[in-house]
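Asker: Test case, fold it:
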Amino acid sequence: SQTKRKTLVAAISVLRGAPAAAAPASIGSLDAPAFDPHRANRPQVPFALEPVQWGSVQPQGWLREWAEAARHGAGSPETAPFARIKAHGYPPFTIPPECQLSVDGWKDGRPCSLAFYDEDSAYWIDGMTRLGAVLHDSTLTARVREDIEAVIANPDWFNATWTKGKSDGGNEAEGWVRSIYSRAMLAFYDYSGDPTVLAFLTKAFLAYEASMSQGQRSLTQIEALLETHAYGGPASLVETAKQIMATNSAATQYKSALLGDCSQNSTSHGGCLNSQHGVTFNELAKLFAMISSVTGAADDRQASVNAYEMVAQFDVQVHGAVSANEALSGIGPNVGTETCDVSDFMYSNEWMLRIVGNSSYGDALEKAFLNAAPGAVNRSFSGHIYFQSPNLVPSTINHWPFNTPSADTGNFSVTDPRWVESWYHTPPCCTGNQVRMLPNYIHHMWWGSPDGGLVATMHGPSSISTVVNGVATSILTTTNYPFSETISFAVTTAGMRAGGEGNAWTLRLRIPHWCTQPSLALDGKAVPIQIESGYAVVSHTWQGTNTITLVLPMSVRATKRVTFANGNQNIGQYNWKRAPWAKFPGQNGTADLPFCVVEYGPLTFALPLEYGSPQHISGGEYRYGIVCDAATMQLKRSPGGLKAPFDWPLSQSQGGLTITAKAAVLTEWGDVWALPKSPLRQPATDEIELIPYGCAKQFHISMFPILEP
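Answerer: Just a heads-up that it's a prediction; the model follows:
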């Protein structure tokens, strides 16, 4: 029942770490110097984790291969997404000539407001700024510099829509994308140290008044104001941010809901949230925790904690990201997740991890990044989908074959199937936003702790170079995680502290909630593992190179769950003419439909239905119910491991993981988006091979009817 699930999520929140509203005491004192030299001002109430400087964390191994694919796919000047952005010019943008701006920003079923093109490019510049930093790619950094210099050269354009209402040509959406540009510019400043960037933003925000923040997404200026202050802007920016939170009616309503009915009963998001849009939710929900760092108000932080506990219970799909067919949409096999929401859900959890420190946010980040993120993009990062669903087969796409742009104008049909891979989708937000997922995750794998140590909050092949206690320190993480269980951390100390002594500090390593028997070794010798607040704690005096080996044993998990219908009627494909939402057949209108999800470590597994390129789908039988018992399932792991990041098919010859499950074809299950109402009693006459969800790409089944032989 819904009540049982609420109780379960509350229990999980306690088991995963310290109480979510408070920073884990084990993180340490709050007096150590910042790990990012460009952050001149620290918050009044320090965050649980200290951000490191952009560029200090780099991907290695398969994670670097994936980042390089993003750089040469979505980030190359030769790619179509780049050309599409460039076709509309760099700021200041002009409305495409075929568009005539209407009151709500749409014309003939197409997005024509300047805001959509601003948003697209702002996301792209933000993602590429960060990707250039983690890859130390000077060519990409130089390309991004052109974009940022174009913004700096047009301060009137940057500021104009803050002072305009809809009646005189502006709208809230055009204002909120300035906060995305601000993120990109501050990341560039952090990596490059270019003082002109900080000077530009400081001047711009000094002219910003709290009264200009009207509506929901304009609240995101709070993040931009606080971060500009953190990098050295004046204290008046903090006061403006506090005034916005205190006077914006949307913020008041949102906070009240999150501290009241919303945290107790979410049978209808429409009844307890001021905003239903997934991106809006993720952009706003973290702001209360952010503002608590300058107000000290515990209820501000608690509002954000409640928000993410709520969606974890009612909206996070089996792939780890929130459902959002534009709006938050419950848990179900048919419910889509917009690619923007994958990126923004991760970004918001990174902020919550930073502020609160609870290891559960690391769990959430890892789950979304290792499942929903690769599920949103193709292997070369040259194409992406707008929506993904836990269950999707070719026959469920309303319009077939794939849409293609006009050779002359690049315009798309109004029946654009947004579940289908394309280099560009309308509106263009996801085309730009997809590139933010990788660099944001890579950078936030490592943090400083306020007691002067380092914290590994997500695991994967990476390296960090920083200064600990005044001594140059680097850590090289070697692993095929999550495709293997062993993680090696080689900690290299470049010298001695004053007086010729070694460097004593504490390394913390997140232990995922699904791992019940982790083990630890120091320089080849097993040591007792001490876990505090979800982190293994290694206090040591480091000299030369010391190696920590962490083993996170994984096992196959088969979990019986039920769907959740949130009462939101905005579930279905938008018809692009601003008409009411058209519901899908079998839409997620019914709660408590049973299903089985199969997992191994942080990976969700799925039955793949994609063969070859998107244009060549052979499909295959998909109407399988499975025996939801891990004891009847078999994991197969090839000795060679994964040969390419999230490649498919994965077989013994290519390397990777598969899980074999006992199953049977359910001939009466005709609609993949409408689960049977109860478990089915039928002999298990077949076996099916499942692969990681992120490798299965577009077409797959990951929410299975339950078979009870």
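Asker: Can you verify my assumption that Ala324 contacts His277?
Answerer: Yes - using CB atoms under 8 Å, Ala324 makes contact with His277 at a distance of 7.5 Å. For the C-beta atoms, the positions are set from N, CA and C on the backbone; glycine is no exception.
Asker: who's more crowded, these two?
Answerer: Shown here are Ala324 and His277; by other CB atoms under 10 Å, Ala324 has more neighbours (30 against 20).
Asker: Measure how far stretch 540-553 is from the centre of its chain, please.
Answerer: Between the centre of stretch 540-553 and the centre of its chain there are 29 Å (CA atoms, centre = their mean, to the nearest Å).
Asker: Stretch 235-248 now?
Answerer: Distance of stretch 235-248 from the chain centroid (CA atoms, centre = their mean) equals 27 Å.
Asker: got the buried residues for that stretch?
Answerer: By neighbour count on 16 or more other CB atoms under 10 Å, the buried set for stretch 235-248 is 237-238, 240-245, 248.
Asker: And those, which is the shakiest by pLDDT?
Answerer: The member of the buried residues of stretch 235-248 with the lowest pLDDT is Asn248, at 88.
Asker: How many residues are close by Pro195?
Answerer: Neighbour count for Pro195, taken as other CB under 10 Å: 10.
Asker: the bottom helix or strand of the chain by mean pLDDT?
Answerer: Ranked by mean pLDDT, DSSP states H and E, the weakest helix or strand in the chain is helix 2-16, scoring a mean of 29.
Asker: Neighbouring strands - and their directions - for the very next helix or strand once past that helix?
Answerer: Counting by DSSP states H and E, the next helix or strand C-terminal to helix 2-16 is strand 57-59. Sheet neighbours of strand 57-59, with direction, are listed as strand 462-468 (antiparallel) (DSSP bridges).
Asker: Roughly how far does Thr559 sit from Leu392?
Answerer: Using CB to CB, to the nearest Å, Thr559 is found at 21 Å from Leu392.
Asker: cool, and Trp66?
Answerer: Taking CB to CB, one finds Trp66 at 23 Å from Leu392.
Asker: which one of these two has more residues nearby?
Answerer: For Trp66 and Leu392, the more surrounded residue by other CB under 10 Å is Leu392, and the numbers stand at 30 against 22.
Asker: pLDDT at the closest residue to that one other than its chain neighbours, what is it?
Answerer: Nearest residue to Leu392 in three dimensions, chain neighbours excluded: Phe699, at 5.5 Å (CB to CB, 6 or more residues apart in numbering). The model reports Phe699 with a pLDDT of 81.
Asker: Please pull up the helix or strand immediately following the strand or helix carrying Met310.
Answerer: Here Met310 sits within helix 298-314, counting by DSSP H and E. Moving toward the C-terminus from helix 298-314, the next helix or strand (DSSP H and E) is strand 337-338.
Asker: same for that next one, what does it pack against?
Answerer: Under the contact criterion of 3 or more CB pairs under 8 Å, 6 or more residues apart in numbering; DSSP states H and E, strand 337-338 touches helix 278-285, strand 387-388.
Asker: Mind putting the ones you listed into a markdown table with distance to Glu689 and mean neighbour count?
Answerer: Shown next, in a markdown table, are these (distance: least, CB to CB, whole Å; neighbours: other CB atoms under 10 Å):
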| stretch | distance to Glu689 | mean neighbour count |
| --- | --- | --- |
| helix 278-285 | 33 | 26 |
| strand 387-388 | 21 | 25 |
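Asker: Can you say which of those is nearest to Pro427?
Answerer: Nearest of the helices and strands packed on strand 337-338 to Pro427, taken as CB to CB: helix 278-285 at 11.2 Å.
Asker: could you give the angle of that closest one to helix 298-314?
Answerer: 150 degrees (axes from the mean of the first three to the mean of the last three CA atoms, to 10 degrees).
Asker: Secondary structure element for the residue most central in space within the chain, which one?
Answerer: Residue closest to the average C-alpha location in the chain (CA atoms, centre = their mean): Met346, at 2.2 Å. Per DSSP H and E, Met346 falls inside helix 339-356.
Asker: pull the CA atoms of that helix into PDB?
Answerer: The C-alpha coordinates for helix 339-356 follow below in PDB (Å, rounded to 0.1, in the frame of the first residue of the first chain):
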ATOM      1  CA  THR A 339      16.500  13.700 -20.500                       C
ATOM      2  CA  CYS A 340      16.600  17.200 -18.900                       C
ATOM      3  CA  ASP A 341      15.300  15.600 -15.800                       C
ATOM      4  CA  VAL A 342      18.000  13.000 -15.700                       C
ATOM      5  CA  SER A 343      20.600  15.800 -15.800                       C
ATOM      6  CA  ASP A 344      18.800  18.100 -13.400                       C
ATOM      7  CA  PHE A 345      17.900  15.400 -10.900                       C
ATOM      8  CA  MET A 346      21.600  14.500 -10.800                       C
ATOM      9  CA  TYR A 347      22.700  18.100 -10.500                       C
ATOM     10  CA  SER A 348      20.200  18.700  -7.600                       C
ATOM     11  CA  ASN A 349      21.400  15.600  -5.800                       C
ATOM     12  CA  GLU A 350      24.900  16.800  -6.100                       C
ATOM     13  CA  TRP A 351      23.900  20.000  -4.300                       C
ATOM     14  CA  MET A 352      22.100  18.000  -1.600                       C
ATOM     15  CA  LEU A 353      25.100  15.800  -1.200                       C
ATOM     16  CA  ARG A 354      27.300  18.900  -0.800                       C
ATOM     17  CA  ILE A 355      25.000  20.600   1.700                       C
ATOM     18  CA  VAL A 356      23.800  17.700   3.800                       C
END
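Asker: helices and strands around whatever helix or strand comes next after that helix, which ones?
Answerer: Using DSSP H and E, the helix or strand that directly follows helix 339-356 along the chain is helix 359-367. Under the contact criterion of 3+ CB pairs under 8 Å, 6+ apart, helix 359-367 touches helix 2-16, helix 298-314, helix 339-356, strand 503-510.
Asker: Format the ones you listed as CSV; extra columns: distance to Asp120.
Answerer: CSV is the format used below for the helices and strands packed on helix 359-367 (distance: least, CB to CB, whole Å):
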stretch, distance to Asp120
helix 2-16, 35
helix 298-314, 25
helix 339-356, 11
strand 503-510, 34
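Asker: nearest spatial neighbour of Asp686, skipping sequence neighbours?
Answerer: Spatially, and ignoring its direct neighbours in sequence, Asp686 is nearest to Ala663 (4.8 Å; CB to CB, 6+ apart).
Asker: Wait, that neighbour touches Asp629, no?
Answerer: No - contact criterion CB under 8 Å: Ala663 and Asp629 do not qualify, at 11.9 Å.
Asker: and Leu593, what is it in contact with?
Answerer: 332, 562-563, 675-677 (CB atoms under 8 Å, 6 or more residues apart in numbering).
Asker: Going by neighbour count, which of the residues you listed comes out on top?
Answerer: Within the contacts of Leu593, neighbour counts (other CB under 10 Å) peak at Gly332, which reaches 29 neighbours.
Asker: How about the contacts made by it?
Answerer: Counting by CB under 8 Å, 6+ apart, Gly332 touches 323, 390, 563-565, 587-588, 593, 673, 675, 703.
Asker: What is the neighbour count of Ser138?
Answerer: If you count neighbours by other CB under 10 Å, Ser138 ends up with 9.
Asker: Which pLDDT value goes with it?
Answerer: Listed pLDDT for Ser138 reads 91.
Asker: quick one: which helix or strand includes Ala490?
Answerer: For Ala490, the enclosing helix or strand under DSSP H and E is strand 486-493.
Asker: CA atoms only for that strand - export them in CSV, please.
Answerer: Extracted as CSV, the C-alpha positions of strand 486-493 are listed here (Å, rounded to 0.1, in the frame of the first residue of the first chain):
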residue,chain,number,x,y,z
THR,A,486,37.1,-4.1,-6.5
ILE,A,487,38.3,-0.5,-6.3
SER,A,488,41.9,0.5,-5.8
PHE,A,489,42.9,3.9,-4.5
ALA,A,490,46.6,4.8,-4.9
VAL,A,491,47.2,7.8,-2.7
THR,A,492,50.4,9.6,-3.6
THR,A,493,51.9,12.3,-1.2
